[in-house]
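In: Pasting the sequence and the predicted coordinates here, then a few questions.
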Amino acid sequence: MSKDPSCGQTRGGAPPAGENVVVGANGGLANVVVYISEGLSGAVLVASKPVTFEQKGCQYIPHVVAVNPGQHMTILNSDKTMHNIHPDPKPGGGNNAFNKSQLGGAPALDITWPAEEIAIPVKCNVHPWMHAYIAVVKGPNGVSDGGGSFTLDNVPPGTYTLTAWHETYGTQTQKVTVAEGKPATVNFSFKAK
């Protein structure tokens, strides 16, 4: 960070913290994408509210974001320095790679992803410690917070397979049945490597 004084000032000279494994005080794991991988039927609505992906404090916030195919993603640079966003989707998977520079205070970028993909790695070529992931999934989804909690809203009654993805610990699945008007609870447990 010493090569960019603006970044050093945002953290008081402290180096950036690793974000690939973030565990809360109660042992909850942050940055786990949870989505319905089987059981959705009929047309799946695209979330209408854009997701915000921000370059702030010389890091991407959030570190992991989930969007629906076709959902708008607003990309901001809130720092006083130039950043770039460089997602690298799988070749031939339906999503296109790009590398766009964004000056501090520049207008927001508006991006959509056409195809499902778990998960697209993102880097900044200007600041090599900056990295994040974009998970493109159909239907209701959530990303666990610092306590390990997540919520999937607007899930109709039915039986589903939920998939939980983490950048370090991989993927797990579980079946869950959602009853009319009653919340369902699912717990995933990842073992430290």
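Out: Happy to help now that I have it.

In: Which per-residue confidence value corresponds to the residue nearest to the spatial centre of the chain?
Out: Closest residue to the average C-alpha location of the chain: Val65 at 1.7 Å, with Cα atoms, centre = their mean. We have a pLDDT of 97 for Val65.

In: That one and Thr74, how far apart?
Out: 11 Å (Cβ to Cβ, to the nearest Å). No exception for glycine: its C-beta is placed from N, CA and C like everyone else's.

In: Overlap of the contact sets of these two?
Out: 51, 53 (Cβ atoms under 8 Å, 6 or more residues apart in numbering).

In: if I've got this straight, Thr81 is in a helix?
Out: No. The assignment for Thr81, made by DSSP: H, G, I helix; E, B strand; the rest coil, is coil rather than a helix.

In: excluding its backbone neighbours, what's nearest it?
Out: Ser6 (3.9 Å; Cβ to Cβ, 6 or more residues apart in numbering).

In: which SSE is that neighbour in?
Out: Assigned by DSSP states H and E, Ser6 belongs to helix 5-10.

In: I'd like the next helix or strand past that helix.
Out: strand 33-38.

In: quick one: contacts of that next one?
Out: 64, 66, 118-119, 135, 137-144, 150, 152, 155, 160-166, 173, 186, 188.

In: now it, how far from the chain's geometric center?
Out: Put simply, strand 33-38 sits 13 Å off its chain's centre (Cα atoms, centre = their mean, to the nearest Å).

In: strands paired with it, and their directions?
Out: Sheet pairing here is set by DSSP bridges, and for strand 33-38 it gives strand 141-143 (antiparallel), strand 158-166 (antiparallel).

In: Can you list the neighbours in contact with the shortest one?
Out: Contacts of strand 141-143 from elsewhere in the structure, counted by Cβ under 8 Å, 6+ apart, are 31-36, 62, 64-66, 68, 135, 150-152.

In: Quick check: of the residues you listed, which lies closest to Ala192?
Out: Val32 (13.8 Å; Cβ to Cβ).

In: Can you give me the neighbour number for the closest one?
Out: 23 (other Cβ atoms under 10 Å).

In: How about it: what's its closest non-neighbour residue?
Out: Ser144 (4.2 Å).

In: same check, this time on Gly170
Out: Phe190 (8.0 Å).

In: so after the helix or strand that contains Ile85, what's the next helix or strand?
Out: Take DSSP H and E as the rule and Ile85 turns out to sit in strand 83-87. Once the chain leaves strand 83-87, the next helix or strand it forms, by DSSP H and E, is strand 100-102.

In: which other helices and strands contact that following strand?
Out: Applying 3 or more Cβ pairs under 8 Å, 6 or more residues apart in numbering; DSSP states H and E, we find strand 100-102 packed against strand 83-87.
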